[in-house]
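*Asks:* Got a sequence here, can you build the structure:
(one chain, ligands or ions: 2)
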Amino acid sequence: MALLRTREIEHLYSTASCAVVLSEVSKQYGQKEAIAPLSLTINPGERVAFLGPSGGGKTTLLRILSGQLESSTGTVLLCDRDLAKMPTGREVSQLVGMIHQQFDLVPNLSALQNVLAGQLGEWSLLKSLVSLVWPLNRCIGLSALARVGVEGIAYQRAGSLSGGEQQRVAIARLLVQNPQVILADEPVSSLDPARAGEVLQLLVSIADEAGKTLVASMHSVELAREHFSRLIGLRNGAVIFDLPSHEVTEDMLHDLYDLKGLRAEA
Ligand SMILES: Nc1ncnc2c1ncn2[C@@H]1O[C@H](COP(=O)(O)OP(=O)(O)OP(=O)(O)O)[C@@H](O)[C@H]1O
Ligand SMILES: [Mg+2]
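*Replies:* Numbers count the residues shown, from 1 in each chain. Ligands and ions are numbered 1, 2, ... in the order given. Okay, here's the model as predicted:
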């Protein structure tokens with residue numbers, strides 16, 4: 001039993017990663033082109049941040065990568081598999097997991113129950129329903145909460161947690177899901193700067209420990225530069241730059257956010 005538990009917990013940190021390959025992917029909403037046709041490869045274990053002004057297409061692109069949104073054209077390969085041809089649910093959740101801006105925790109369930117929901121893709125309906133009453137595999141859930149530094153709030157209602165605690169619970173849930181590619185949509189936008197740095201560091205170190213591929217959208221250029229090795233600037237659904245972080249200049253950032261125009265008007 002003890003051996004089994006150790007193995008189960010090791011599953012949280014198992015090493016695996018895979019590439020994400022987009023070919024001519026676009027997204028059209030009626031007349032609006034949210035994503036212009038784009039092709040790019042994200043290598044296994046890479047840490048990539050999408051930057052750019054509001055409406056630039058960051059969330060749309062992440063949702064396409066997560067399989068939640070179908071692209072209008074093109075293909076997405078995750079670990080050499082065509083995302084559009086994969087059955088939704090369990091198989092996709094083993095490959096890719098996403099942390100949303102609003103964390104998507106169920107407020108009336110405990111932090112632990114929310115974390116264990118990371119396994120739902122792998123469980124039968126009966127097991128899932130039983131887990132709502134009596135958390136199964138609590139050992140794995142508690143270990144994940146401990147890893148993100150909030151084991152003390154395991155039995156607290158998710159709805160009563162602070163923004164930072166909710167964010168950590170969402171990361172713990174992702175640890176339990178254990179996908180090969182981690183996507184995060186503005187993972188720290190609701191946190192104060194000190195908390196934001198800490199949580200981002202946590203996310204990055206979890207991805208690094210297991211060699212996972214990490215792709216996030218970020219509003220803070222400073223945090224993106226600090227924690228991500230590659231920055232992709234998106235504006236009006238088009239890639240404005242795609243460079244190693246240290247090669248992105250202030251001028252490129254001004255162009256991306258169109259600050260030059262604003263300065264000229266001032
Ligand atoms: N369901 C939808 N129907 C129509 N248009 C949409 C829909 N979802 C997104 N869009 C449009 O697609 C464009 C890209 O939106 P998206 O949410 O990807 O931007 P974003 O870069 O994430 O912005 P933000 O920084 O504000 O989160 C926007 O112009 C948006 O209005
Ligand atoms: Mg967005």
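*Asks:* Who are the contact partners of the nearest residue to Arg81 once chain neighbours are set aside?
*Replies:* Closest residue in space to Arg81, ignoring its immediate chain neighbours: Leu95 at 7.3 Å, by Cβ to Cβ, 6 or more residues apart in numbering. Every C-beta, even on glycine, is put in place using the N, C-alpha and C of the backbone. Shown in contact with Leu95 (Cβ atoms under 8 Å, 6 or more residues apart in numbering): 18, 78-79, 81, 86, 179-181.
*Asks:* show me the contacts for the closest residue to Gly159 other than its chain neighbours.
*Replies:* Distances taken as Cβ to Cβ, 6+ apart put Pro107 closest to Gly159, at 2.9 Å, once the chain neighbours are dropped. By Cβ under 8 Å, 6+ apart, the residues touching Pro107 are 157-159.
*Asks:* three-state assignment of Pro107?
*Replies:* With DSSP: H, G, I helix; E, B strand; the rest coil as the basis, the three-state label of Pro107 is coil.
*Asks:* about what we covered before: what spatial separation is found between the residue nearest to Arg81 and Arg63?
*Replies:* 15 Å (Cβ to Cβ, to the nearest Å).
*Asks:* closest point of the stretch 1-150 of the chain to ligand 2, which residue?
*Replies:* Nearest residue of the stretch 1-150 of the chain to ligand 2: Thr59, at 3.2 Å (Cβ to the ion).
*Asks:* partner residues bridging the closest residue to that residue other than its chain neighbours?
*Replies:* In space, and not counting its chain neighbours, Thr59 is closest to Asp185: 5.4 Å by Cβ to Cβ, 6+ apart. Listed beta-bridge partners, Asp185: Ser217 (assigned using DSSP bridges).
*Asks:* you'd agree Asp185 is up against His100?
*Replies:* Yes: here Asp185 reaches His100: they are 5.5 Å apart, a contact under Cβ atoms under 8 Å.
*Asks:* Now do the residue of the stretch 1-150 of the chain closest to ligand 2: how many residues are near it, please.
*Replies:* 18 (other Cβ atoms under 10 Å).
*Asks:* which residues are in contact with the helix or strand hosting it?
*Replies:* Thr59 is located in helix 58-66, with elements delineated by DSSP states H and E. The contact list for helix 58-66 (Cβ under 8 Å, 6+ apart) reads 20, 22, 25, 27, 34-35, 50-52, 69-71, 76, 78, 83, 96-98, 101, 181, 183-186, 215, 217, 234, 237.
*Asks:* just to revisit the earlier point, who's more crowded, Asp185 and His100?
*Replies:* Neighbour totals were compared for Asp185 and His100, and Asp185 leads with 21 against 18 (other Cβ under 10 Å).
*Asks:* what sits against the more buried one?
*Replies:* Going by Cβ under 8 Å, 6+ apart, Asp185 touches 58-59, 62, 98-101, 216-217.
*Asks:* Arg173 now?
*Replies:* 105, 114-118, 144 are the contacts of Arg173 under Cβ under 8 Å, 6+ apart.
*Asks:* how close does the residue nearest to Gly97 when sequence neighbours are not counted get to Val20?
*Replies:* Once flanking residues are discounted, Gly97 sits nearest to Pro179: 3.7 Å by Cβ to Cβ, 6+ apart. Counting by Cβ to Cβ, the gap from Pro179 to Val20 is 12 Å.
*Asks:* likewise Leu214?
*Replies:* For Leu214 relative to Val20 (Cβ to Cβ), the value is 11 Å.
*Asks:* try Gly52
*Replies:* Gly52 is 18 Å from Val20, by Cβ to Cβ.
*Asks:* same check, this time on Leu65
*Replies:* From Leu65 to Val20 the distance is 6 Å (Cβ to Cβ).
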